[in-house]
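K.L.:
Sequence and predicted structure, then a few things I'm wondering about:
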Amino acid sequence: MSCASPESWRNQRGRRLDEEEGTPVTVPPVQEPRSDLVVVGAGAAGLFAALTAARRGAHVTLVSARPLAETASYWAQGGLAAALAVDDSPARHLDDTIEAGRGLVRRSAAEVLCDEAPARFADLEALGVRFDADRHGNLALGLEGGHGRRRVVHAGGSATGRRILRQLSADVVEEERIEVLEGRRVRALPARDDGRVGAVACDDGRVVAARAVILASGGAAALWSRTTNPPGSYGSGLMLARAAGADLADLEFVQFHPTAVAGIPGREGFLVSEAVRGEGATLHDAAGERFVDELQPRDAVARAIHRLLAGTGAPAVYLDMTGIDPARFPNVFGALREAGHDPATARVPVSPASHYVMGGIATDLHGRSTVAGLYAVGECACTGLHGANRLASNSLSECFVFGHRAALAALDEPASPAVAVPEPPRTELAPPPSRATRAALWRDAGLERSAEGLRRLLDDAHPLARLVAASALAREESRGAHARSDRPARDPDLDHRHSVVEAGKPSVAHVKWT
Ligand SMILES: Cc1cc2nc3c(=O)[nH]c(=O)nc-3n(C[C@H](O)[C@H](O)[C@H](O)COP(=O)(O)OP(=O)(O)OC[C@H]3O[C@@H](n4cnc5c(N)ncnc54)[C@H](O)[C@@H]3O)c2cc1C
């Protein structure tokens, strides 16, 4: 079959499933013939997990609510971290990951990431992704905040996510064993008779059964009003998993990116990659003075900006990219120039925005959640590898490393007997947030929180907002991305203790993971 445009899909029968052709095919509410696996989400984690399974002979159904261009993966700029340089090693990568994670990194998970990222990078190249090379033809490796070595591979300058997703989606389209259902939202995870999750129920009434379900539904940073994320990143997978009985973890840890565009119409929240600071861009206050070491981990840089803005009342600080080669970051320069602002000649107004959630569905090192048959990978998962603060560019690597592992593990699940499909729930398990909820999270669970605001947030209408509040309230310390103005010190008793919200319980337990 010929390759479709990457932002649209064809299923195996050659029918387009994108929005250009109108609404997706309507099907009666019946249980579909079984796949081996259902993967929910077509970002980096979902596409890679689906391809991994299909290339081992499995039949996969890939369900995606939104078009490719509306995934966080497509928007990724900087690249993916892997110890590939001659002066680098997985052990150095691990050291930097642990340092950034502020005493909360689950070492076993970070070891998996750092050890296996080079092999998954090689897989991506074998799948046809072309990464950038320097003028001698060697792989170009970027430097980002918190990394002690150049280890960030990128594609198309700062169009890394777009390049990777275009290639992976073209590979998926070519793969006969993968059926893509685009434009369908999964709204429940029905259990099998034996209590295992064995199907997904979509919003069009379709139920797809399989031996296992892999959630790759992305993060929840768009729950906050000022964000770099696409609107669909509001944590629907977390709520579906919780309703199915899975534990969630570390929900209080939300990374705020220091340099999202502020006050340029049409580009509000647009992310200016950390990599531009790695290449020498500097941050300045309104008087033109530098005020922070730009290569510190992003929580430190974001908080320095936040405090300066809170102290002065200024709306933004200014990123000086005038010394940066526009060819290295074509989409950043292009997007800003389109909006009438030329970063080659004028500093760019920026301020922090919610960017990445370290927390998610608690999993083991193979993506298994606490519910049999249910896996989670990518940003919706919490392996503990990021601890309290993700090291830049570790998240794309995580999608590939754990997407691969989960696909292999899920194929070992017992074959699925018939699924008893319960009545679909009457209430929406994973509703989008209202404007009021998003504003409340920004105000009460933002870069600096206190018990007073968090208690207010406990009454929010959105269930995930309440869980974020409960987790942040229970962690009575400041650590990494979680800064409490009323608890400014780190509590050593909470080192390596993850905040776990067990299914059915509103309370938070602090648990050590091995
Ligand atoms: C602007 C930006 C720049 C970034 N830059 C980098 C970078 O340079 N390096 C890096 O490592 N990380 C970066 N990140 C973070 C990284 O992109 C994400 O963590 C990662 O791409 C998440 O991938 P994912 O596959 O888990 O989820 P996503 O890419 O968000 O995909 C989620 C998928 O799930 C689907 N979905 C969600 N809910 C449902 C449902 N109920 N039913 C059906 N489908 C559903 C969505 O439609 C989508 O297809 C960046 C993030 C942003 C926003």
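P.N.:
Received, thanks.

K.L.:
give the contact list for the spatially most central residue of the chain.
P.N.:
Most central in the chain under CA atoms, centre = their mean is Glu379, positioned 3.2 Å from the mean C-alpha point. If you count contacts by CB atoms under 8 Å, 6 or more residues apart in numbering, Glu379 has them with Gly43, Ala45, Ala72, Gly218, Gly219, Ser233, Tyr356, Val357, Gly360, Ser395, Cys399. Every C-beta, even on glycine, is put in place using the N, C-alpha and C of the backbone.

K.L.:
So Leu94 versus Ala100, what's the distance?
P.N.:
11 Å (CB to CB, to the nearest Å).

K.L.:
now this structure, which segments are flagged as low pLDDT?
P.N.:
Scanning the chain for pLDDT under 70 picks out the ranges 1-33, 416-424.

K.L.:
mind listing the helices in it by residue range?
P.N.:
44-54, 72-75, 90-100, 107-126, 160-174, 236-243, 275-278, 298-312, 330-338, 394-410, 435-444, 451-457, 463-474 (DSSP state H).

K.L.:
closest one to Arg150 among these?
P.N.:
The minimum distance between Arg150 and the helices of the chain falls on helix 275-278, with 8.3 Å, by CB to CB.

K.L.:
what distance separates the closest one from the centre of its chain?
P.N.:
20 Å (CA atoms, centre = their mean, to the nearest Å).

K.L.:
just stretch 166-184 next, same as before
P.N.:
Worked out by CA atoms, centre = their mean, stretch 166-184 lies 20 Å from the chain centre.

K.L.:
Now do the buried residues in that stretch.
P.N.:
166-173, 175, 177-184 (16 or more other CB atoms under 10 Å).

K.L.:
ok, now stretch 444-451?
P.N.:
Asp444, Ala445, Gly446, Leu447, Glu448, Arg449.

K.L.:
Which residue comes closest to the first one once chain neighbours are left out?
P.N.:
This means Asp444. Gly453 (3.4 Å; CB to CB, 6 or more residues apart in numbering).

K.L.:
Tell me if I'm right that that neighbour and Leu447 touch.
P.N.:
No. The pair Gly453 / Leu447 is not scored as a contact, 11.9 Å apart, by CB atoms under 8 Å.

K.L.:
more neighbours, Leu94 and Ala100?
P.N.:
The neighbour comparison of Leu94 against Ala100 (other CB atoms under 10 Å) goes to Ala100, with 26 against 18.

K.L.:
and the gap between the more buried one and Pro352?
P.N.:
Separation of Ala100 from Pro352 (CB to CB): 17 Å.

K.L.:
Likewise for Thr345?
P.N.:
Applying CB to CB to Thr345 and Pro352 gives a distance of 25 Å.

K.L.:
cool, and Val39?
P.N.:
Val39 is 33 Å from Pro352, by CB to CB.

K.L.:
Of the two, which one has the most company?
P.N.:
Legend: neighbour count by other CB under 10 Å for Val39 and Pro352, higher for Val39 (38 against 26).

K.L.:
Please name the bridge partners of that one.
P.N.:
Applying DSSP bridges to Val39 gives these bridge partners: Leu62, Ile214.

K.L.:
does it really touch Ala50, like I thought?
P.N.:
Yes. Contact between Val39 and Ala50 holds when scored by CB under 8 Å: they sit 4.7 Å apart.

K.L.:
For those two, list the residues in contact with both.
P.N.:
Residues within reach of Val39 and of Ala50 at once, by CB under 8 Å, 6+ apart, are Val60, Leu62.

K.L.:
Quick check: residues of the stretch 1-150 of the chain near the ligand?
P.N.:
The stretch 1-150 of the chain has residues 40-46, 63-66, 71-73, 75-80 near the ligand, with proximity defined as CB under 6 Å from any ligand atom.

K.L.:
One more pass at 8 Å, please.
P.N.:
Contact residues (CB under 8 Å from any ligand atom) of the stretch 1-150 of the chain with the ligand: 40-47, 63-68, 70-81.

K.L.:
Could you tell me the end-to-end distance of stretch 348-366?
P.N.:
Its first and final residues considered, stretch 348-366 spans 42 Å by CA to CA, to the nearest Å.

K.L.:
same deal with stretch 173-183?
P.N.:
Note: stretch 173-183 ends 16 Å apart using CA to CA.

K.L.:
Does it reach the ligand?
P.N.:
No. Figure legend: stretch 173-183 not in contact with the ligand (CB under 8 Å from any ligand atom); closest approach 8.6 Å.

K.L.:
and the gap between Leu141 and Arg151?
P.N.:
With CB to CB as the criterion, Leu141 and Arg151 are 6 Å apart.

K.L.:
Could you do Arg106 as well?
P.N.:
For Arg106 relative to Arg151 (CB to CB), the value is 21 Å.

K.L.:
between those two, who's got more neighbours?
P.N.:
Comparing Arg106 with Arg151 by other CB under 10 Å, the one with more neighbours is Arg151, at 28 against 24.

K.L.:
Would you check that that one makes contact with Leu80?
P.N.:
No. Checked against CB under 8 Å, the pair Arg151 and Leu80 is beyond contact range at 9.3 Å.

K.L.:
Tell me how far the strand ranked longest in the chain lies from the chain's centre.
P.N.:
Counting by DSSP state E, the longest strand found in the chain is strand 348-357. Computed by CA atoms, centre = their mean, the chain-centroid distance of strand 348-357 equals 15 Å.

K.L.:
Now do the spatially closest residue to Ala83 that is not a sequence neighbour against Gly453, distance only.
P.N.:
Closest residue to Ala83 apart from its sequence neighbours, by CB to CB, 6+ apart: His93 at 4.4 Å. Computed as CB to CB, the His93 to Gly453 distance reads 36 Å.

K.L.:
Settle it for me: which of these two has more neighbours?
P.N.:
His93 (28 against 20).

K.L.:
Would you mind listing the residues in contact with the more buried one?
P.N.:
So His93 contacts Ala81, Ala82, Ala83, Cys114, Ala117, Arg149, Arg151 (CB under 8 Å, 6+ apart).

K.L.:
Repeat that for Ala381.
P.N.:
Each residue near Ala381 by CB under 8 Å, 6+ apart is listed here: Leu215, Gly360, Ile361, Thr363, Gly367, Phe402.

K.L.:
Tell me the bridge partners for the third one.
P.N.:
Think Ile361. Leu248, Ala381.

K.L.:
when you give positions from now on, start the count at 20
P.N.:
I'll keep to 20 as the first residue from here, and by that count the last item is Ile380.

K.L.:
I'd assumed Ala240 was in contact with Gly251.
P.N.:
No. With contact defined as CB under 8 Å, Gly251 does not count as touching Ala240 (11.0 Å).

K.L.:
quick one: which of those two has more around it?
P.N.:
Neighbours per residue (other CB under 10 Å) separate Gly251 from Ala240, with Ala240 holding more: 26 against 20.

K.L.:
The more buried one and Ala128, how far apart?
P.N.:
Distance, Ala240 to Ala128, using CB to CB: 21 Å.

K.L.:
ditto for Tyr337
P.N.:
Separation of Tyr337 from Ala128 (CB to CB): 37 Å.

K.L.:
Enumerate every residue touching the nearest residue to Gly378 once chain neighbours are set aside.
P.N.:
Spatial nearest neighbour of Gly378, chain neighbours left out: Asp269 (3.6 Å); criterion: CB to CB, 6+ apart. Applying CB under 8 Å, 6+ apart to Asp269 gives the contacts Leu123, Met377, Gly378, Gly379, Cys401, Gly403, Ala407, Ser490, His517, Ser518.

K.L.:
Smallest gap between the stretch 20-169 of the chain and the ligand, at which residue?
P.N.:
Gly62 (2.1 Å; CB to the nearest ligand atom).

K.L.:
residues near the closest residue to Gly65 other than its chain neighbours, how many?
P.N.:
Using CB to CB, 6+ apart and skipping residues adjacent in sequence, the residue nearest Gly65 is Ala235, 3.4 Å away. When counting by other CB under 10 Å, one arrives at 34 neighbours for Ala235.

K.L.:
got it, and the one 4 residues further on?
P.N.:
Residues within reach of Ala239, counting by other CB under 10 Å, total 30.
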